[in-house]
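>>> okay, structure incoming, though there's no sequence with it:
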């Protein structure tokens, strides 16, 4: 159940996107009701309120529709410099809180991180990438591990999981994300990991 929940995690951090949408709407001087009217019945005011509050899991079709409505860029992930943060404004999915945090979830998050790094650096999967010291420190803090242990696990993932990483990176290449909101990496005991510009 928990692993299935994690595998369905999108690339868009819900709360960070919601805050961006609310700010954008306020800059335009629109109320939520006016923005719903502009959507030509695609969204109701209550749906937009929930989205802006970060309480809705968004699929790519909805992200694209919101991009048109709020006039922001949504795109498949492309090469960019990024840094890893623990986003305390993002909530851990309820199923992970109730089911507990497992070693399988930790491994999945680290694999997802490496797949995103391959994607963002436009590097061939299987190539050993240099690790950013700052990212390793964030991962070590998030998982309560030593930095050397995190580095070892990440190098083992790069060396041993090339096929799975390639499949994961390809699935993510087809997903939409919002550059200003960052890329959701996954849940940790310390909070959600997000790659930001």
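Perfect, I can see it now. Please read all numbers here as calculations on a predicted model, not as lab measurements.

>>> show me what the longest helix seen in the chain is packed against.
As assigned by DSSP state H, the longest helix anywhere in the chain is helix 103-121. Other helices and strands packing on helix 103-121, by 3 or more CB pairs under 8 Å, 6 or more residues apart in numbering; DSSP states H and E, are helix 2-7, helix 133-143, helix 147-160, helix 162-173, strand 183-188, strand 191-196. Any C-beta I mention is one placed from the backbone N, CA and C, and that applies to glycine too.

>>> and the third one, what's its mean pLDDT?
Across helix 147-160, pLDDT averages out at 96.

>>> out of the helices and strands packed on helix 103-121, nearest to residue 110?
Across the helices and strands packed on helix 103-121, residue 110 has its closest neighbour in helix 147-160 (5.9 Å, CB to CB).

>>> can you give me how far the closest one is from the chain middle?
21 Å (CA atoms, centre = their mean, to the nearest Å).

>>> could you do stretch 111-125 as well?
Distance, centroid of stretch 111-125 to centroid of chain: 14 Å (CA atoms, centre = their mean).

>>> same question, stretch 134-148
With CA atoms, centre = their mean, you get 18 Å for stretch 134-148.

>>> again with stretch 22-41
On CA atoms, centre = their mean, the centre of stretch 22-41 falls 25 Å from that of its chain.

>>> how does this protein divide up, domain by domain?
Structurally, the chain divides into domains by automatic domain parsing as follows: 14-70, 78-196.

>>> any idea which helix or strand carries residue 40?
Using DSSP states H and E, residue 40 maps to neither a helix nor a strand.

>>> what do you get for residue 12?
Using DSSP H and E, no helix or strand contains residue 12.

>>> I am finished for the moment; much appreciated.
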